[in-house]
Structure formats: structure tokens, C-alpha cells
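# One predicted model, sequence on top.
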Amino acid sequence: MFDSYFICTSPRSGSTLLCTLLEDCRAGHPASYFHRPELTAWALGLGLPADTARADLFEAAKATSKGNRPICGIRLQQGSLAFFCDQLALEKPDHDKDQSRITAIFGRTAFIYLNRTDKVEQAVSLVRAEQSGLWHRNADGSDLERTGTPQDPNYDAEAIKTRQESLTQMDQNWEDWFAENGISPLRVSYSALASDVIGVVQGILSELGLPTAPAQALSARTVRLADHVNADWIARFRAQTR
């Protein structure tokens, strides 16, 4: 039985879907408690005073992500990793690896690597989210997360190429970090999750040592945003770069 798990991921890999599914199965309250690279942002996100000490922020995140459940869940975007690890090193200087520092704070920890192998699809999804400001939509069609006013989609091959390259680098950065820390993560692909929600979640729950029965009644709280515009942009970009 693990005390905690980290979902290691990058933007537009299905992590919001996975977090809500695991939460519905009582596998903690996974969220990006360490998203922005500043302690003040961590504190405010946890509803704490801006000057809360680092040690107390880690403890608050652990408590919030667990609640009254048997395990705590943390989502960690690749772009958040460097600052997070810097804070780990400051908090646990007697440990020489990030993995052992995480264990010292969060207990026995499992690592779930959620990634999207088709980087063109992922890049298009990211560019559209950045343009529209709409990042996630509830199953009933309402906005779950919007960071800007709606805009008409504008095909931008250079932006897609830039995001494709950065997302590819993020994958490599995760692989390097796993290797440096001797971590063998549970690997979950976006395509597998999208096509078999129940099966993938059951596999994760089993790996974590949690009951798998709750996954049988799962119903996704979010819907895919990809539409004919995404398909058109993907086809155009592939044709241009073939």
C-alpha cells in the first residue's frame, strides 16, 4: 500500500480527466498543489497565508490531497518540476535524491507517468487552448476551466511546431528525471485512458493497492474538446511537414 502517488505529466495529456476519475474512486484529491514556481502561489492555492513556511506548505498539501481517504494524490506538470525539486532540496538537504526527499515528506510514493505519444495532436490541443482560453469543459457542456475570452481559432503552423518541440522536450526531461532517481513509473498513455477509462483506472488502483470496484461505476466528469478544427489543423500540419 502506498501513502501517496504523483501523476507526472505535461499539458494536454488528459491529466484533469485522470485526476477527477481517481478522486471519484476515493484515491485522494489529486491536483496541482505545486503548479506555479513560487511559494506564495502554493500558499494561496491551499488557502494559507502568503508567508506560510515551506515545511508547512508540504504538510498542508499532503493533508489536503488526502483528506479522509487512504492515500494522497499530487499532479505535477513537467514545467513545475524544477522549482518543486529545488524546494525539496532545501527542505530535506540530508537526502541526495529527489525521490528520497519525496518519500521523506509524502511517505511511500508511486509515480504515474501520463503522457501523450502523438505530439502533433498534443501541440494542436495546446495551441487551441491557449487561443480560446478554454482548457476544460464539464460533461454537461459548461466551462470547467477558462482563462480568457473566447476567440476564433487561427491556424498557426509555427506555434504548433514550437509547442510540439517543447512537449517533446518535456517528455525527455521526465525520462531523465526518472532515470536519475531510479524511478520506474507506472506508464499510462492518453490514448489508452481515452479509449478504456475503466480498465486504465482499475489498473492504477490495483497498482496503488486500492480497491478496484469503484472504477466499475465511473462516468467521466469532463468531455474532450477536440473537434473538426483540431482534425483539420493536424492534417494541415502533417501535410506541411511531411
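Noted; the coordinates are in hand. Residues are numbered from 1 along each chain as shown.

# what about the strands in this structure?
4-9, 72-77, 109-115, 134-138, 143-146, 186-189, 222-223 (DSSP state E).

# Extract the CA atoms of the second one and return them as CSV.
Output of strand 72-77 as CSV, limited to C-alpha atoms (Å, rounded to 0.1, in the frame of the first residue of the first chain):
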residue,chain,number,x,y,z
CYS,A,72,-2.9,11.4,-1.1
GLY,A,73,-2.6,12.4,-4.8
ILE,A,74,-0.4,15.1,-6.4
ARG,A,75,-0.4,16.2,-10.1
LEU,A,76,3.0,17.6,-11.1
GLN,A,77,3.3,19.2,-14.5
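
# For the lengthiest helix in the chain, which helices and strands make contact with it?
Longest helix in the chain by number of residues (criterion: DSSP state H): helix 157-181. Packing partners of helix 157-181 (3 or more C-beta pairs under 8 Å, 6 or more residues apart in numbering; DSSP states H and E): helix 78-91, helix 98-106, strand 109-115, helix 119-132, helix 228-241. All C-beta atoms are positioned from the backbone trio N, CA, C, and that covers glycine.

# Name the residues that touch it?
8, 10-11, 78-79, 81, 97-99, 111, 113, 115-116, 119-120, 122-124, 126-127, 130, 183-185, 233, 236-237, 240-241 (C-beta atoms under 8 Å, 6 or more residues apart in numbering).

# buried stuff in that helix?
Ala159, Ile160, Lys161, Arg163, Gln164, Ser166, Leu167, Met170, Asp171, Trp174, Trp177, Phe178 (16 or more other C-beta atoms under 10 Å).

# What's the local residue count around the residue nearest to Ala31 when sequence neighbours are not counted?
Take Ala31 and drop its neighbours on the chain: the residue closest to it by C-beta to C-beta, 6 or more residues apart in numbering is Arg75, 5.9 Å away. Close neighbours of Arg75, defined as other C-beta atoms under 10 Å, add up to 24.

# Quick check: beta-bridge partners of Arg75?
Ile7 (DSSP bridges).

# separation between it and Ala53?
23 Å (C-beta to C-beta, to the nearest Å).

# Save the helices and strands packed on helix 157-181 as a markdown table, and put in mean pLDDT and distance to Glu59 too.
Output for those, formatted as a markdown table (pLDDT from 0 to 100; distance: least, C-beta to C-beta, whole Å):
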| stretch | mean pLDDT | distance to Glu59 |
| --- | --- | --- |
| helix 78-91 | 98 | 10 |
| helix 98-106 | 98 | 8 |
| strand 109-115 | 98 | 15 |
| helix 119-132 | 92 | 33 |
| helix 228-241 | 93 | 41 |
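
# Tell me which of the ones you listed lies nearest to Ala61.
Distance to Ala61, taken as C-beta to C-beta, is lowest for helix 98-106 among the helices and strands packed on helix 157-181, at 8.9 Å.

# Same question for the closest one: list its buried residues.
Asp98, Gln99, Arg101, Ile102, Thr103, Ile105, Phe106.
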